[in-house]
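Undergrad: Turn this into a model:
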Amino acid sequence: MSQKIVFMGTPQFSLPTLDSLVNSEHEVLAVYSQPPSKAHRGQKVIPSPVEVFAQKKLLNIRTPPILDCNEEYNFFKKIKPDIVIVVAYGKIIPKRFLEIPKYGFLNIHASLLPRWRGAAPIQRSIMNLDKETGISIMKIVEKLDAGPVMHQDKIKINENIDSLTLSKVLSNLGAKSIVKALTKIKNGEAKFNEQNHEEATYAKKITKDDGQIKWSEEAKKVLAKINGLNPNPGAWFEYKNNRYKVWKAKIVDKNGDVGKTIDDKLTVACKNQAIKILEIQKEGKNKQLIEQFLLGNKIDQGEKIF
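TA: Purely as a prediction, here's the structure:
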């Protein structure tokens, strides 16, 4: 027996789950996404990946700038979904909405709750040098990411993985698990376990300032920041009044004065060991492999990098 579903999501991360639901036995009554954004240059309107997908699949797509309004509330009551699936929607679900679906709202969160509640669990798990992460399927309650959990999938975090790659892995993991979770709920087999709230940690939103590389840290911590902030917003340093983003790097077993180049190939000494930059982007320019970059940008040994 199929269930009537409303899906709520916005970025690329949400798409595998929506695709999984569309291709399941269940009926997707409506899809909610954030309103189209405006490009930085010009005023071109850019729909979200979920909105584009929904339009192609001829789904009922809704992008209200404000969710907590009578129009949307009445629409929800009218269509009477059995359950609502939320994946990176980007808006707080109003309390009065939570009471409408028969089975409530389910959220796929990209961490092993209660660890890394909040906006940036993927980036924070990499930057914190976590050994494992995963996805949690939880019931949405008023408090952020604090609802009871019915399912978790764990994976190991490779020390060289970036947030884009990890995001794709976790997104696909969630998509594979959600249909199984719906079957358990339908059959009355789902068990929701309360989180240990005392163990909760929070993955606060990433800012551009978070991206500044601190060469005084251990090399493995610097590399984790570079990987964790790739592709957005990017880890960066400054040199002679220019900002440079570092997209790829590796640890080399060399030492020197912290924050200074130890060769003319842009290898920078950290608290221990050093970081060899492999891919770089000067502000206002395109990304370049370090070999290409150094052809037109000379940075000598012993230079101070901020």
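Undergrad: for this protein, what spans make up the helices?
TA: Taking DSSP state H, the helices of the chain run over residues 15-22, 49-56, 70-79, 95-98, 121-127, 163-186, 219-228, 290-296.
Undergrad: any chance of those in JSON lines, plus mean pLDDT?
TA: What follows is the helices of the chain, written out as JSON lines (pLDDT from 0 to 100):
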{"stretch": "helix 15-22", "mean pLDDT": "98"}
{"stretch": "helix 49-56", "mean pLDDT": "98"}
{"stretch": "helix 70-79", "mean pLDDT": "97"}
{"stretch": "helix 95-98", "mean pLDDT": "96"}
{"stretch": "helix 121-127", "mean pLDDT": "98"}
{"stretch": "helix 163-186", "mean pLDDT": "96"}
{"stretch": "helix 219-228", "mean pLDDT": "98"}
{"stretch": "helix 290-296", "mean pLDDT": "96"}
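Undergrad: Of the ones you listed, flag the one that's most buried.
TA: Comparing those by mean neighbour count (mean count of other C-beta atoms under 10 Å), helix 121-127 comes out on top with a mean of 25. Just so you know, the C-beta spots here come from the backbone N, C-alpha and C atoms, and that holds for glycine as well.
Undergrad: so what does that helix touch, helix or strand wise?
TA: strand 132-139, helix 163-186, strand 202-203, helix 219-228 (3 or more C-beta pairs under 8 Å, 6 or more residues apart in numbering; DSSP states H and E).
Undergrad: coming back round to it: of the helices of the chain, give the one that comes closest to residue 87.
TA: The closest of the helices of the chain to residue 87 is helix 15-22. By C-beta to C-beta, the value is 4.9 Å.
Undergrad: now the angle from that closest one to helix 163-186?
TA: When axes from the mean of the first three to the mean of the last three C-alpha atoms, to 10 degrees is applied, the directions of helix 15-22 and helix 163-186 differ by 30 degrees.
Undergrad: Please save the CA atoms from helix 15-22 in PDB.
TA: Only the C-alpha atoms of helix 15-22 are listed here, as PDB (Å, rounded to 0.1, in the frame of the first residue of the first chain):
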ATOM      1  CA  LEU A  15      17.800  15.000  -5.300                       C
ATOM      2  CA  PRO A  16      18.700  11.300  -4.900                       C
ATOM      3  CA  THR A  17      16.000  11.000  -2.200                       C
ATOM      4  CA  LEU A  18      13.400  12.800  -4.200                       C
ATOM      5  CA  ASP A  19      14.300  10.600  -7.200                       C
ATOM      6  CA  SER A  20      14.000   7.500  -5.000                       C
ATOM      7  CA  LEU A  21      10.600   8.500  -3.900                       C
ATOM      8  CA  VAL A  22       9.400   9.300  -7.400                       C
END
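Undergrad: And for residue 283, the neighbour number?
TA: 11 (other C-beta atoms under 10 Å).
Undergrad: about what we covered before: need the helices and strands packed on helix 121-127 in JSON lines (columns: distance to residue 3).
TA: Below are these laid out as JSON lines (distance: least, C-beta to C-beta, whole Å):
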{"stretch": "strand 132-139", "distance to residue 3": "15"}
{"stretch": "helix 163-186", "distance to residue 3": "6"}
{"stretch": "strand 202-203", "distance to residue 3": "30"}
{"stretch": "helix 219-228", "distance to residue 3": "36"}
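Undergrad: Go ahead and flag the most central residue of this protein.
TA: For the chain, the residue nearest the mean C-alpha position is residue 122 (5.2 Å; C-alpha atoms, centre = their mean).
Undergrad: before we move on, the earlier item: residue 60 is nearest to which of the helices and strands packed on helix 121-127?
TA: helix 163-186 (19.3 Å).
Undergrad: what about the stretch 101-250 of the chain, any weak spots by pLDDT?
TA: Regions of the stretch 101-250 of the chain meeting the criterion pLDDT under 70 are absent.
Undergrad: what about 90?
TA: 159 (pLDDT under 90).
Undergrad: ends of stretch 238-245, how far apart?
TA: One end of stretch 238-245 to the other measures 9 Å (C-alpha to C-alpha, to the nearest Å).
Undergrad: mind checking how far it is from the chain centre?
TA: 27 Å (C-alpha atoms, centre = their mean, to the nearest Å).
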